[in-house]
Structure formats: C-alpha cells, structure tokens
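[1] sequence first, predicted coordinates after that:
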Amino acid sequence: MSFYDTYLKYKNFDFKNFFNSVTENKIKYILSKERINRLDFLSLLSEKASGFLEDMALKSHKLTISNFGKVILLFIPIYISDYCSNSCLYCGFSAKNKIQRRHLNYDQIETEAKKIAETGIKHILLLTGDAPKIATVDYIKNSVKILKKYFSGIGIEIYALTQNEYNILIQEGVDSLSIYQETYNEKLYAKLHPAGHKKDYHFRLNAPESACMAKIRSVNIGALLGLDEWQKDAFFTGLHADYLQNKYMDAEVSISLPRIRPHAGDFKISHQITDKTFVQIMTAIRIFMPRAGITVSTREAPEFRNNIIKLGVTKMSAGSSASVGGYALHNNDTKQFDISDTRSVKKMEEAITKLNYQPVFKDWQTL
C-alpha cells in the first residue's frame, strides 16, 4: 500500500457536482465539529465555503494556538547547485533555460554557511537542482558535514531519493525533508515534466514515504499552487499529509503552500491563486489537520505574510536567497524564482514579535 492507492480513490471523483451540492448549512455544521473527515475538508475548499473565511480563520487560529502556541520557527535556505537534468516547464532551473549555472565547492559552501550563521538562525534548508550525477548523494552528504558545524537542524530540498539514499543522509545529520509533488494531477504532471529524473510521477510521489521509512524526523510536502485547479491539488496535498501522519506517527508532518513566482523561462500560469484563495486553503488544511505544521516562504509579500501569521502558520523562511552562492558570494544573477519578501532575519524577528508571537531560531539539535 502507498499513497497512490488513496489517490486512485479520488482520481476520477466528480468534484464539480460535489461542490455544487455544498450548502451554507453544511459548512456551518462542518465548522461546529471537533474533527472533520476527508469530504468535510473538501467542502471547506468549495466556493460556498469562501463566504465563511472569517469563521474558518478564527477556528484555524484557535487550533494552531492549542497545538503549537504562539511561535514561528525561522529557517534559511542555502542553494549549493543549480545544475538540472529536468525540463520542468515552470522552473527557473530547468535544463531548457539558458542560464549561468553554479555548483559550489566545499570551501564555498562553508563560506556561505558562516555568513548565514551570523543571523543566529540554527535551522537551514539545503537545496540543489535535479542533477544526480553532479550534485551526487556523496556531494550532499559532505555538504551536510560542513553545515553541521554551524546549524542544529539540517533539512534538504533536493531530487527524490531511494530509502537507502535517504538513510545515508539521515545518518550524516539530515533531520528533515521538503519535497513537493508540484501537482497531483497525474496526466498534467506528465506534460509539465517532459524529460529528466523528475518525470517519474510514482517515484516522486513515494519519496516522502521513503524518507519516513528511513526514519527521518520531519517531512514537509506540498503542491505548487497555480499549476492545476487549486481545490484538487490542495485536497490531494491534505490527503497525502494525513496519510503520512497516520502511518508514520513518529514523523513530524508539515505542509508548504508555494505559489508560482516569476522565473526564467516563458511558462504561463494556468490558474491564478489570489490571497483570499490562499487563506482558504491554509485554514481548511489547519482545520483538517490540527497537528500539521504549515510553512510559508518568502515567495509571499511581507504584508501578506504578516497578516497570515495568526491564521495557522508555524514556520517561515527569512533573509532568503534563491540563488547559488547568494549570501557571502553575492551571486544573485541567476535564481530559481523571484523572492517577494526580502526582509532580513532581524526585520522578520521584529515583525513577528510585534504581533505578540515568538520567533524561534532553534527547536532541534541534530546529534
């Protein structure tokens, strides 16, 4: 059994007729329940539910405070390689884009790590392009060795691996994995990924479970909002997270909500995601999964990030660069996507504190 078996149950689900059947009374009833089921969650993603955003936000806030308190964990991404063998239509690092590629050596990685460590943040997310023959597992393993000298928590956002490969990195000190299915629509996925390692839908879909089987401490999943109809991708993201949380109870499960941002290439967004829609997705997920973490990155604008902190967010990036060598090496000419929130870690700390929340720089120590 894998999550794909759950996906198949809803792959041909009649979403249109279901949404047409949702009534205001049904939404009110769902919001009165202590725990909701899958179809309740889907109802909260309906057009009818959009008229109850204030009620959803209030419940989401209460559930988050109850399960997490008034804290926001901060982390910083570090891009160490942007070589890629994939031709993903929506990504700035795609092999089809003629950009300046970079691959940091170990001395450069340490230089970047030292600069990032000056912020005081103790959680770092290591990112690479999808080029296993260049950014090899050994290269990533050795990079983790360097990062361990400066950070207490090390996450990875790289290409999908096998259980054994995840185990190698976990043994070296990696404690969290972020990996996005991009879209759960299997047919659309094939069109968006015409070539490369990432083309394998099933291998990508099973990667979070492979990491859980390797005993990783934390897994963070999501869909790239804007590729497909948002209700469907949000629904399957929630189902996937729920599947992992119920099957691997020793793993911390989180959900990210990345919206497509401008990047190299000429990909046109098919489905616009408004701020109102974003809030509906986030609060619906929180009500469905009270114990799941919710991560919001610097893809979102400063004011918007400030406004949604109280609605269910538990983790945020700060002082970010989406370029390889974007900190001490000042390489910012090529990036995976445009960052919206360019505030420094200090400014983010001040903004969070002003909202009477506690910015957390460290909540885990890798052994």
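    It's in.
[2] helix/strand/coil for Ile27?
    Here Ile27 is recorded as helix under DSSP: H, G, I helix; E, B strand; the rest coil.
[3] so who does Tyr4 touch?
    By Cβ atoms under 8 Å, 6 or more residues apart in numbering, the residues touching Tyr4 are 202, 205-206. Backbone N, C-alpha and C define where each C-beta goes, glycine included.
[4] measure it to Gly222 for me?
    17 Å (Cβ to Cβ, to the nearest Å).
[5] now do Val345
    For Val345, the distance to Gly222 equals 23 Å [Cβ to Cβ].
[6] contact partners for Asn17?
    By Cβ under 8 Å, 6+ apart, the contact set of Asn17 is empty.
[7] then it would be within a strand, right?
    No: applying three-state DSSP, one finds Asn17 to be helix, outside a strand.
[8] which pLDDT value goes with it?
    pLDDT for Asn17: 98.
[9] can you check Ser60 too?
    98.
[10] now the one 5 residues further on
    The predicted local confidence for Ile65 comes out at a pLDDT of 98.
[11] got it, and His330?
    pLDDT at His330 comes out at 82.
[12] just Ile260 next, same as before
    For Ile260, pLDDT reads 82.
[13] and for Cys91?
    pLDDT recorded at Cys91 is 80.
[14] then Arg291?
    So, for Arg291, pLDDT stands at 97.
[15] may I have the residues that are in contact with it?
    For Arg291, the contact set (Cβ under 8 Å, 6+ apart) comprises 67, 245.
[16] one step back: of Val345 and Gly222, who's got more company?
    More crowded of Val345 and Gly222, by other Cβ atoms under 10 Å: Gly222, with 24 against 20.
[17] the helices in the stretch 151-300 of the chain, which residues?
    163-172, 186-192, 201-213, 230-247, 275-288 (DSSP state H, counting those that start in this stretch).
[18] ok, which of those helices comes nearest Leu104?
    Among those, the nearest to Leu104 by Cβ to Cβ is helix 163-172 (17.4 Å).
[19] elements contacting that closest one?
    Applying 3 or more Cβ pairs under 8 Å, 6 or more residues apart in numbering; DSSP states H and E, one finds that helix 163-172 contacts helix 137-147, helix 201-213.
[20] and it, what's buried?
    165-170, 172 (16 or more other Cβ atoms under 10 Å).
[21] quick one: that helix to chain centroid distance?
    Here helix 163-172 is found 20 Å from its chain centre; the criterion is Cα atoms, centre = their mean, to the nearest Å.
[22] specify the angle between it and helix 201-213 in degrees.
    Relative orientation of helix 163-172 and helix 201-213, computed by axes from the mean of the first three to the mean of the last three Cα atoms, to 10 degrees: 40 degrees.
[23] alpha carbons of helix 163-172, as PDB, please.
    Coordinates of each C-alpha in helix 163-172 appear next as PDB, following Å, rounded to 0.1, in the frame of the first residue of the first chain:
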ATOM      1  CA  GLN A 163      15.000   4.800   1.100                       C
ATOM      2  CA  ASN A 164      18.700   3.700   1.300                       C
ATOM      3  CA  GLU A 165      19.900   7.100   0.000                       C
ATOM      4  CA  TYR A 166      17.700   9.000   2.500                       C
ATOM      5  CA  ASN A 167      19.100   6.700   5.200                       C
ATOM      6  CA  ILE A 168      22.700   7.700   4.200                       C
ATOM      7  CA  LEU A 169      21.900  11.400   4.600                       C
ATOM      8  CA  ILE A 170      19.900  10.900   7.800                       C
ATOM      9  CA  GLN A 171      22.800   9.100   9.300                       C
ATOM     10  CA  GLU A 172      25.000  12.100   8.400                       C
END
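[24] quick one: average pLDDT of it?
    98.
[25] same check on stretch 134-154?
    Per-residue scores along stretch 134-154 average to 97.
[26] and that stretch, end to end?
    21 Å (Cα to Cα, to the nearest Å).
[27] swap in stretch 219-226?
    22 Å.
[28] what's the offset of that stretch from the middle of its chain?
    The answer for stretch 219-226 is 5 Å, by Cα atoms, centre = their mean.
[29] pLDDT on it, on average?
    In this model, stretch 219-226 has an average pLDDT of 96.
[30] before we move on, what about stretch 348-361?
    Mean predicted confidence for stretch 348-361 is 97.
[31] who's in contact with it?
    69-74, 120-123, 302, 306, 309-310, 316, 318-319, 343.
[32] hmm, which of the residues you listed are the buried ones?
    Among the contacts of stretch 348-361, the ones that count as buried by 16+ other Cβ under 10 Å are 72-74, 121-123, 306, 309-310, 316, 318-319, 343.
[33] which among the residues you listed gets closest to Ile140?
    For the buried ones among the contacts of stretch 348-361, the closest approach to Ile140 (Cβ to Cβ) belongs to His123, at 17.2 Å.
[34] need the contact list for the closest one.
    Per Cβ under 8 Å, 6+ apart, neighbours of His123: 73-76, 151-155, 361-364.
[35] just curious, which of those residues is nearest to Tyr90?
    When the contacts of His123 are ranked by distance to Tyr90 (Cβ to Cβ), Gly155 comes first, at 22.4 Å.
[36] good, we can wrap up now.
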